[in-house]
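Asker: any chance you could fold what I've pasted below:
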Amino acid sequence: MMAAALVGVFGAAGTLLRFAVDTWFAHRAARSAAVGPGGTLRHWPWATLTVNVSGCLIIGLSIGITGRLGLAAEWHTAVATGLAGGLTTFSSWTTATVRLLTESRFAAAALNLVANLLLGFAAAAVGIALAS
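Answerer: Next up, the predicted model:
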């Protein structure tokens, strides 16, 4: 029961943090929006990349820190499943990539895929290394 409560609290925090990051990037994009062909706004999924890479770092840190501090497994679950799970988004990443493809922005779509994967792996590795 304690693990579920912790996941819920940490999940709410992660979700609110994601909302804040999305809102911050949306306001920046609105001020500096580039207009593409046909008058459509061109976008780059910076918020999604930011939360996904941050979530990888958070989980990496949690792996090392919870063990090193001797915390119960439910704390790692709360951080990894709750906080990072509420913060990160696979669905927005894939949807943004599909959107870039439908705009015929093939290089941007490929960059979005590679950036999330490589930076995510790197962030997880850095998190584990820092916490070990």
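Asker: what about the residue nearest to residue 86 when sequence neighbours are not counted, distance to residue 26?
Answerer: Take residue 86 and drop its neighbours on the chain: the residue closest to it by C-beta to C-beta, 6 or more residues apart in numbering is residue 14, 2.6 Å away. No exception for glycine: its C-beta is placed from N, CA and C like everyone else's. Separation of residue 14 from residue 26 (C-beta to C-beta, to the nearest Å) stands at 18 Å.
Asker: residue 12 too?
Answerer: With distances taken as C-beta to C-beta, residue 12 is found 21 Å from residue 26.
Asker: and if you look at residue 13?
Answerer: 20 Å.
Asker: okay, these two: which has more neighbours?
Answerer: Shown here are residue 13 and residue 26; by other C-beta atoms under 10 Å, residue 13 has more neighbours (16 against 13).
Asker: where does the protein dip in pLDDT?
Answerer: By pLDDT under 70, the low-scoring segments of the chain are 30-42.
Asker: what's the single longest helix in it?
Answerer: Longest helix of the chain, by residue count under DSSP state H: helix 2-31.
Asker: how about it: buried residues?
Answerer: Across helix 2-31, burial judged by 16 or more other C-beta atoms under 10 Å covers 3, 6-7, 10-11, 13-14, 17-18, 21-22, 25, 29.
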